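Engineer: just the structure for this:
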Amino acid sequence: MSPQAPQPYTPFQGGAAQTLESTHIPAVDNTPSSHRSGHREESTMSIVPTYWQSISLDELNEKAAMQTRVDRKYIVDADYAASILAELPADEAAVLEIDGQREFAYDSVYFDTPDLVSYKASAIGPSLLVVKKSPFCASRNRFKVRTRSYLDSDLSFLEVKTEGAREFTVKERIPYSIENRDMLTAEGKEYVATALEQLTDASVDDLEPVIRTGYRRTTVYLPQSEQNPVDSRLTIDTSLTWTPLSESVLMYTADGGEGPTKYQVGTEYTAPGTVIIETKSGSAPSIADKYLWRAGIRPVKISKFATGMAALNPQLPANKWKRTIQHWMQLEPAA
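Structural biologist: Predicted structure coming up:
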């Protein structure tokens with residue numbers, strides 16, 4: 001049976017602030033548009049309303065500087081995403097624009113140990129890793145090490161993301177050579193070792209590039225207003241790709257046997273018709289969250305790093321992402 005198109009929804013009309021617990025969320029068929037004929041071409045510029053005003057990078061950083069924040073992530077079909085965003089009031093959103101461009105290419109390379117300590121901390125929790133007493137698995141908190149590159153401006157950073165109090169995401173980063181974005185230099189290792197000193201016993205020398213993710217992103221500023229309790233951000237990611245960089249990702253098995261071989265190191269894979277929307281705010285939900293909830297879109301557990309790893313190797317522990325992978329992450333080679 002072919003999937004049905006998403007059901008129409010009633011536009012959110014504002015009013016009193018809503019919470020996830022108090023808002024009625026109707027069931028919808030948010031099926032990837034790649035599974036239907038005539039789906040929207042994947043580009044954030046075909047999803048984000050063109051009439052939204054612009055905001056410069058300096059203005060955005062000044063008004064919504066949130067290195068410590070709560071992130072809520074949603075996976076949405078491209079057509080449905082366009083319908084929801086079109087309902088947001090025009091004066092409630094401003095799109096980051098640099099030199100007339102509103103859509104930007106991102107490239108991230110994630111580093112992990114051969115025993116995948118960073119991945120496992122995300123998938124099954126750091127406390128269980130300590131119990132197992134693996135030489136690479138003594139991790140007390142979740143963490144990610146990556147390079148983040150902005151390809152349109154030839155800028156790159158080395159980042160360490162950790163889990164702060166009450167699951168806030170705390171991100172630290174330093175400028176990095178874009179030519180070295182797929183490796184850890186001596187300076188990079190020193191920085192990572194300092195950042196992770198109290199979080200894991202794994203040696204920084206064991207870190208290797210394991211997966212590359214790519215996407216095109218539009219960033220939206222949501223100013224504080226009667227409907228929006230705090231200045232916040234919204235990002236829309238399309239043209240999502242994952243490239244395995246290490247056999248550690250593809251060949252891992254729980255019993256030490258021979259791993260899956262469906263995917264190949266160095267090959268780029270994609271999930272057509274899939275859009276990731278992420279809201280970044282304080283503890284209170286933003287107006288974008290309220291509209292997504294009203295449209296029946298629920299926050300999901302997804303990490304481009306971890307969910308991509310699990311999609312590439314079904315042998316990896318991935319219970320928390322099982323539904324996401326089954327519905328959205330049937331990867332195929334990128335064109």
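Engineer: the lengthiest strand in the chain: what's the following helix or strand?
Structural biologist: Counting residues, the longest strand found in the chain (DSSP state E) is strand 208-222. Remark: after strand 208-222, the chain's next helix or strand is strand 232-244, criterion DSSP states H and E.
Engineer: what about the following helix or strand past that next one, average pLDDT?
Structural biologist: Counting by DSSP H and E, the next helix or strand C-terminal to strand 232-244 is helix 247-251. Taken as a whole, helix 247-251 has a mean pLDDT of 89.
Engineer: helices or strands up against the longest strand of the chain?
Structural biologist: If contacts are counted by 3 or more C-beta pairs under 8 Å, 6 or more residues apart in numbering; DSSP states H and E, strand 208-222 sits against helix 44-47, helix 57-63, strand 94-96, strand 104-112, strand 232-244, helix 247-251, helix 287-294, helix 304-312. In short, each C-beta sits where N, CA and C put it, glycine included.
Engineer: what are the buried residues along that strand?
Structural biologist: Neighbour counts over strand 208-222 (16 or more other C-beta atoms under 10 Å) mark 209-222 as buried.
Engineer: so which of the helices and strands packed on strand 208-222 gets nearest residue 190?
Structural biologist: strand 104-112 (14.2 Å; C-beta to C-beta).
Engineer: who does that closest one touch, helix- and strand-wise?
Structural biologist: Applying 3+ C-beta pairs under 8 Å, 6+ apart, one finds that strand 104-112 contacts helix 117-124, strand 143-150, strand 208-222, helix 304-312.
Engineer: again, only using 6 Å
Structural biologist: strand 143-150, strand 208-222 (3 or more C-beta pairs under 6 Å, 6 or more residues apart in numbering; DSSP states H and E).
Engineer: quick one: it to chain centroid distance?
Structural biologist: Distance of strand 104-112 from its chain centroid, counting by C-alpha atoms, centre = their mean, to the nearest Å, is 11 Å.
Engineer: please name the strands paired to it in the sheet, noting orientation.
Structural biologist: Under the criterion DSSP bridges, strand 104-112 sits next to strand 143-150 (antiparallel), strand 208-222 (antiparallel) in its sheet.
Engineer: turn these into a markdown table, including distance to residue 112.
Structural biologist: Formatted as a markdown table, the strands paired with strand 104-112 follow (distance: least, C-beta to C-beta, whole Å):
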| stretch | distance to residue 112 |
| --- | --- |
| strand 143-150 | 8 |
| strand 208-222 | 5 |
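Engineer: so which of those comes closest to residue 264?
Structural biologist: strand 208-222 (13.0 Å).
Engineer: for residue 303, find the nearest of the helices and strands packed on strand 104-112.
Structural biologist: Using C-beta to C-beta, the helices and strands packed on strand 104-112 put strand 143-150 closest to residue 303, at 8.1 Å.
Engineer: contacts for that closest one?
Structural biologist: Strand 143-150 is contacted from outside by 107-111, 118, 156-162, 176, 178, 181, 192, 199, using C-beta atoms under 6 Å, 6 or more residues apart in numbering.
Engineer: cool, and stretch 327-335?
Structural biologist: With C-beta under 6 Å, 6+ apart, stretch 327-335 has contacts from 75, 241, 268-271, 274, 311.
Engineer: of those, which is the nearest to residue 103?
Structural biologist: Nearest to residue 103 among the contacts of stretch 327-335, with distances taken as C-beta to C-beta, is residue 241, at 15.2 Å.
Engineer: how far away from the center of its chain is the longest strand of the chain?
Structural biologist: Its chain's C-alpha centre and that of strand 208-222 lie 7 Å apart, by C-alpha atoms, centre = their mean.
Engineer: kindly report the same for stretch 79-93.
Structural biologist: Distance, centroid of stretch 79-93 to centroid of chain: 20 Å (C-alpha atoms, centre = their mean).
Engineer: now do the same end-to-end measure for that stretch.
Structural biologist: 20 Å (C-alpha to C-alpha, to the nearest Å).
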